[in-house]
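**Student:** give the three-dimensional model of this entry:
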Amino acid sequence: MTEHTALYVYALLPDRQDAAEGVTGLDGRPLRLVTVPGTTLAALVHDATPTPFQGGDDEVRRWVAEQSQAVTTVWERTGSVLPMTFNVLVADEPPSEDRPGPGRSAEQRLVDWITEQEPDITGQLKELAGRCELRVEITVRHTAASPEETDGADEAGARSPGMRRLLAKQREQDARNAAGQLADTLHAEIRRRLLSVAEDFRDRGPTHRAADETDVLSAALLVRHEDVDTVGTVLSEARTQHPALRIRFLGPWPPYSFTDARTDPLAAAERLQ
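**Tutor:** Presented below is the predicted three-dimensional model:
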């Protein structure tokens, strides 16, 4: 059996005795809490070998989904977590020329780092308590945003094939231009309305845009749980006022996009390799 000499870290969270009870992570591995003496903090982990999880795209997507589900379950129990990214490993301390014998265990290294960062971690957990992340992606459809066709069917049919192709390209360009103008107008308007509800707003790159759509806005929002429906109302009103819009509204999730860089989990893991 391969010896476990590392910890795979899922999240930092308030120390709650039953937070990890019955929760499983990647490939069904049982999760546990590493508590940090002298603080109110803990880390959600599973015991591991010091080797990153690697596989095909489908397998990685499954692992990411399993990690997300585990973090979400614990977040719902504790009310606040600082989620880690995929493949955050803390290994046993490697040998050193100036230190005889074994170094600190992975668990002790993780505890020492959390103790060092305790004020920042505790502060972030308090700030994020009762908050969740929502993802909003808005595009405008070209055909719905473009002026209606004014050419009659009989007149268009009388034109040559080359002229019809030229006119079709021109109509496509006109539709794209009209969608771009509408997107520019709506971006500031919808952003302002969302910020009237959200406590924080992070722009994101678009992930779901069809060829016949123009981006309006793609963002992560930090909102109080009680304001989730209000965000939905803002988006519904925008869609009613502007039928050309296509809106994707995702969440609520743990606040993946709103973890402070001072306790960035990936940077921490790199220091603890």
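**Student:** tell me the domain ranges of the protein?
**Tutor:** 6-129, 131-257 (automatic domain parsing).
**Student:** TSV for the ones you listed, including mean pLDDT and mean neighbour count?
**Tutor:** Backbone N, C-alpha and C define where each C-beta goes, glycine included. Below are those laid out as TSV (pLDDT from 0 to 100; neighbours: other C-beta atoms under 10 Å):
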stretch	mean pLDDT	mean neighbour count
domain 6-129	94	17
domain 131-257	81	15
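**Student:** so which strand or helix has residue 136?
**Tutor:** Taking DSSP states H and E as the definition, residue 136 sits inside strand 131-141.
**Student:** which stretches of the stretch 51-200 of the chain form strands?
**Tutor:** 82-83, 89-91, 131-141, 200-203 (DSSP state E, counting those that start in this stretch).
**Student:** for the closest residue to residue 48 other than its chain neighbours, pull up the helix or strand it's in.
**Tutor:** Distance criterion C-beta to C-beta, 6 or more residues apart in numbering; nearest residue to residue 48, sequence neighbours excluded, is residue 8 at 4.3 Å. Using DSSP H and E, residue 8 sits within strand 6-14.
**Student:** other SSEs contacting that strand?
**Tutor:** On a contact count with 3 or more C-beta pairs under 8 Å, 6 or more residues apart in numbering; DSSP states H and E, strand 6-14 meets strand 41-48, helix 57-78, strand 82-83, strand 89-91, helix 106-116, helix 118-128, helix 265-271.
**Student:** to residue 137, which of those lies closest?
**Tutor:** helix 57-78 (18.2 Å; C-beta to C-beta).
**Student:** got the angle for the closest one vs strand 131-141?
**Tutor:** Angle of helix 57-78 versus strand 131-141, following axes from the mean of the first three to the mean of the last three C-alpha atoms, to 10 degrees, is 130 degrees.
**Student:** now do helix 57-78 against helix 118-128, angle only.
**Tutor:** Using the same axes, to 10 degrees: helix 57-78 against helix 118-128 is 80 degrees.
**Student:** gap between the residue nearest to residue 48 and residue 135?
**Tutor:** For residue 8, the distance to residue 135 equals 25 Å [C-beta to C-beta, to the nearest Å].
**Student:** equivalent analysis for residue 183, please.
**Tutor:** 18 Å.
**Student:** check residue 108 too.
**Tutor:** Counting by C-beta to C-beta, the gap from residue 108 to residue 135 is 37 Å.
**Student:** out of everything not next to it in sequence, what's closest to residue 205?
**Tutor:** residue 218 (6.4 Å).
**Student:** how about residue 255?
**Tutor:** residue 133 is the one closest to residue 255 (C-beta to C-beta, 6+ apart), at 4.6 Å.
**Student:** run through the bridge partners of the one you found.
**Tutor:** Beta bridges link residue 133 to residue 222, residue 253 when assigned by DSSP bridges.
**Student:** and what of residue 45?
**Tutor:** residue 9, residue 32.
**Student:** surely it touches residue 30?
**Tutor:** No - checked against C-beta atoms under 8 Å, the pair residue 45 and residue 30 is beyond contact range at 10.4 Å.
**Student:** common neighbours of these two, please.
**Tutor:** Common neighbours of residue 45 and residue 30 are not found (criterion: C-beta atoms under 8 Å, 6 or more residues apart in numbering).
**Student:** who are the neighbours in contact with the spatially closest residue to residue 193 that is not a sequence neighbour?
**Tutor:** Spatial nearest neighbour of residue 193, excluding adjacent residues (C-beta to C-beta, 6+ apart): residue 234 at 5.0 Å. By C-beta under 8 Å, 6+ apart, the residues touching residue 234 are 190, 193-194, 196-197.
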